[in-house]
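**Student:** I would like to see how this sequence folds:
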Amino acid sequence: MKTLSILHLEDSPPDAELVHATMLDGGIDCVMRRVETRADFQAAVAEGCFDLTLADHSLPSFDGISALAISRELCPDVPFIFVSGALGEELAIETLKSGATDYVLKERLERLVPSVRRALREAEERAERKQIEEALRDSEEHFRAVAETAADAVITIDESSVIQFINAAAEKIFGHAVSEMIGQSLTALMPDYLRRTHEGALSRYLETGRRHISWAAVGLPGLHKDGHEVPLEVSFAEFVKGGRRYFTGIARDITERRRAEEERERLLAREQELRQQAEQANRLKDEFLATVSHELRTPLTSILGWAQLLNAGRLDEPSAARAIETIARNARAQMQLIEDLLNVSRIITGKLRLDMRPVELFPIVEAAIDAVRPAADAKAIALQTAIDRMAGVVSGDPDRLQQIIWNLLSNAIKFTPKGGRVETRLERVSSRVRLTVSDTGAGISPKFLPHVFDRFRQADSATTRTHGGLGLGLAIVRHLTELHGGTVSAASAGEGQGSIFTVELPLMPLLPSRIEEYRSSSTPQSAIRNPQSAILRGLRVLIIEDEADARAMLRVALEQSGANVTAVASADEALRALVQVRPDVVISDIGMPDEDGFALIRKLRALPPEAGGQIPALALTAYARDEDRRQALSAGFQMHLSKPVEPDKLIATVARLAGRMETA
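**Tutor:** Residues are numbered from 1 along each chain as shown. Predicted coordinates:
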C-alpha cells in the first residue's frame, strides 16, 4: 500500500501521536498533518485533498461536525472518521447522518486500523464506480451523438422489444416521429407477417442464447407509416446495463440499392436477350446467305446449261424453244430475287417510298391473278375468286398493292401441291377492304406461325430446298401493308391443313360518282405489257451502254419495235453521235468507265435546245435504289429504269418518253 497522507484534526499532541503509532503498528504507512483550528483545517484542505481525514469531535475553538461539513464541500470523496473521546449514541448517529464514514472511540483504538482499511476500500470502490459511471455517461453521450448524426436508423430495445432509444434518421425511414416510436414495441415497425416471427425468435434467444438468423447485415423489410414496405439491411448487437439485457440495431434503407440491383438484373437479362437475338440473327444471316447462294446458283445452272446447248447448235426446234423458255423463266426468277433483296434493303433503311393515290383494288387483284395463272396452270392448281368489284377505293400505290397480292398468290401456289386450290376473296367489311388468299397447301405449324412474317425466316431448310425462295416475300407483304395503314394476318390449322392470309386496308370515303375517275389509276405499271410492235417506228434512239451484250440486246429489242437505233459504248462517243444522229430519245447507262451517265447528261443539258439540250433521256442502270432514281431525275433524266429490264417494259417506257404512249 502506498504511503497515505492523513489530515488529523486534534488539539492534543499526545493523542495525535498515539493515533499515528496505532496506524503504523497496524501496517498502514502514513504521513499525518495535525491541525486544531478552523483556519488551519480550511487552509490544509484548500491545498489539496488528503487520502483520509481523522477528527476529534470537540475542540476548544472548533468542532468535528463543522470540519466534516467543510470536508464534504471541498473533498466529498475523502473518507472522514471521527476519533474522539466518549460519544453518546445521539452524537454518534449525528456524525453518521452528517456524512462521516465511521467513528472510533479513543479508548477503543484497536478498531481504528480496521475502520480505516474499510473506509479506504469503500472509497476506492466509490471512485472506481464513479469512474465507470462517468465513462458510461461519456459513452452514452458519444453513442447518442453518433446515433443522432447517423444516416441509418439506430434503435435500442429491451427484453420485451420495447423501443428505449431511436434516432432522428429513423423518422425518414419509418415515417413516424421519434416521440411516437419511443416506448412502442419494435413490432410496430414491422409488416404483420414478420411480427410473430420476431417475437418467437427473441423469446427463444432469451431462453437459449441461440440465434436463428445472422445478426450481421441481414435483409429484412420494415413498415412505413403509410403502409408500404421498406427494404432494410439490419445488424444487431446485445449489451447488459443495470442487470438488464438490451439490443441495439442499425437499419439501413437499401431501397436505392435494391432498385439498382433490379435495374442491373434487368439490364443483364436484356443484354442476354440481345446477345441471344444477335446470335439468332447471325444464324439467320448465315442460313440466309446460304439460301441466297442456292437460289442464285440454281437458275444460273439452267441458264448456263441451256445457253451452252443452244450455242452448240445440237438442239431440235422444240428443245430450242424449251431452252429459251427455261432461260427466260430462270432469269425472271433471278430478277425477282434481286428485287426482293432491294425491297428489304429499302425497308430496313426506311427508304421505301409509296406513290399514294386513290385506287380500286379489284383491277389490281385481277391483274395479279392473271400474272400468276401460268404458274398455277403448270401445277393444275384451281384459282377460285370471289371479288366484289364495288368493294371501294383505298389510298395506295398501285404497284406496291399488286406486289402485296402477287406475293400472297405466289406463296400460296408455291406451297400448294398439284391439283390443289387457291382462293382469292375481295370484300368490304365495315370501313375496310378485306383481301383473303387461302390455299389447300402445306399449312403452317403452330410453332412457326408467329414468325411467318419475319425477315429471312422459313420453317426449315428442307422447305427452302423444296420450294425455293429467300423467305422475304411475306416480310415485304407485312411492311407494305402497314405502310398503307393496313394489317395482315396468317392463320393455319397446322401442317398439311392449308393457310389463310388476310389483308385489310382502310377505305377512302368517296361518293359513287367519283369512283369511276379513279379506276384508270388502279392499273399498276407492271401490268402494262405487249406494246404495239411498231410503236417506235421511225423513232431515232441513241443508246449509251459500255457492256456489249446488254448494248446488243437493247438495240435488237428497240429495232423490232421500229426504232432507228444508234448504240455506242461511252459518253465521248455519244456526244459525237449526237451531232450526226440528232436522236429523239437518249438511253444511257449510269456506271461507265471514264465518264458516267451523270456527267453525260450534265453535258447534254448544257447544250442549247437546237443542239439537243432538251432531248428526252432515260437512265437505264443497275443502280436500283429509290435514291438512285431521285439522283438520276435530279441530274436531268426524265425517266429511270433499273436493270434487268424486260423488252416490253423498255419499249413502253421509250414510247411514253417520246410521247407515243399516254403516260399513266
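
**Student:** so where's the longest strand in the protein?
**Tutor:** The longest strand of the chain (DSSP state E) is strand 229-241.

**Student:** which elements pack onto that strand?
**Tutor:** Counting contacts by 3 or more C-beta pairs under 8 Å, 6 or more residues apart in numbering; DSSP states H and E, strand 229-241 packs against helix 169-174, strand 218-223, strand 244-253, helix 255-312. Placement of C-beta: from N, CA and C, glycine included.

**Student:** tell me which of these sits nearest to Leu74.
**Tutor:** For Leu74, the closest of the helices and strands packed on strand 229-241 is strand 244-253, at 36.9 Å, according to C-beta to C-beta.

**Student:** buried residues in the longest strand of the chain?
**Tutor:** 230-234, 236 (16 or more other C-beta atoms under 10 Å).

**Student:** quick one, which of the helices and strands packed on strand 229-241 is packed in tightest?
**Tutor:** When you average the neighbours per residue for each of the helices and strands packed on strand 229-241 (mean count of other C-beta atoms under 10 Å), helix 169-174 leads with a mean of 20.

**Student:** how about the helices and strands packed on strand 229-241 in CSV, adding mean pLDDT?
**Tutor:** Output for the helices and strands packed on strand 229-241, formatted as CSV (pLDDT from 0 to 100):
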stretch, mean pLDDT
helix 169-174, 91
strand 218-223, 89
strand 244-253, 90
helix 255-312, 82
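
**Student:** any chance of these in a markdown table, with distance to Ala323 too?
**Tutor:** Shown next, in a markdown table, are the helices and strands packed on strand 229-241 (distance: least, C-beta to C-beta, whole Å):
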| stretch | distance to Ala323 |
| --- | --- |
| helix 169-174 | 87 |
| strand 218-223 | 80 |
| strand 244-253 | 83 |
| helix 255-312 | 4 |
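
**Student:** ok so, going back, which one of the buried residues of strand 229-241 is nearest Ala135?
**Tutor:** Using C-beta to C-beta, the buried residues of strand 229-241 come closest to Ala135 at Phe236, 23.8 Å.

**Student:** ok, the residue nearest to that closest one when sequence neighbours are not counted - contacts?
**Tutor:** Ranked by C-beta to C-beta, 6 or more residues apart in numbering and with sequence neighbours excluded, the top spatial neighbour of Phe236 is Trp215, at 4.0 Å. Residues near Trp215 by C-beta atoms under 8 Å, 6 or more residues apart in numbering: 235-237.

**Student:** state the distance from Trp215 to Pro593.
**Tutor:** 85 Å (C-beta to C-beta, to the nearest Å).

**Student:** need the three-state assignment for Asp594.
**Tutor:** Three-state assignment for Asp594 (DSSP: H, G, I helix; E, B strand; the rest coil): coil.

**Student:** switch to numbering from 20
**Tutor:** New numbering, starting at 20: the last item is Asp613.

**Student:** tally up the residues packed near it, please.
**Tutor:** 9 (other C-beta atoms under 10 Å).

**Student:** same check on Asp335?
**Tutor:** Neighbours around Asp335, by other C-beta under 10 Å: 8.

**Student:** quick one: it and Arg341, what's the gap?
**Tutor:** On the measure of C-beta to C-beta, Asp335 and Arg341 end up 10 Å apart.

**Student:** how is the protein partitioned into domains?
**Tutor:** Annotated domains of the chain cover 23-148, 169-272, 281-365, 372-546, 559-676 [automatic domain parsing].

**Student:** tell me which of the ones you listed sits nearest to Ala553.
**Tutor:** Closest among the domains of the chain, once you apply C-beta to C-beta, is domain 559-676, at 4.3 Å.

**Student:** what's the first-to-last distance across that closest one?
**Tutor:** End-to-end distance for domain 559-676: 12 Å, by C-alpha to C-alpha, to the nearest Å.

**Student:** starting at the chain centroid, how far to that domain?
**Tutor:** 52 Å (C-alpha atoms, centre = their mean, to the nearest Å).

**Student:** now flag whichever of the contacts of Trp234 is closest to Val673.
**Tutor:** Closest to Val673, out of all of the contacts of Trp234 and judged by C-beta to C-beta, is Ser254, at 88.6 Å.

**Student:** rewinding a little: export the buried residues of strand 248-260 to TSV and append columns for pLDDT and distance to Gln633.
**Tutor:** Putting the buried residues of strand 248-260 into TSV (pLDDT from 0 to 100; distance: C-beta to C-beta, whole Å) gives the following:
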residue	pLDDT	distance to Gln633
Val249	93	81
Pro250	92	79
Leu251	92	84
Glu252	90	83
Val253	90	89
Phe255	85	95
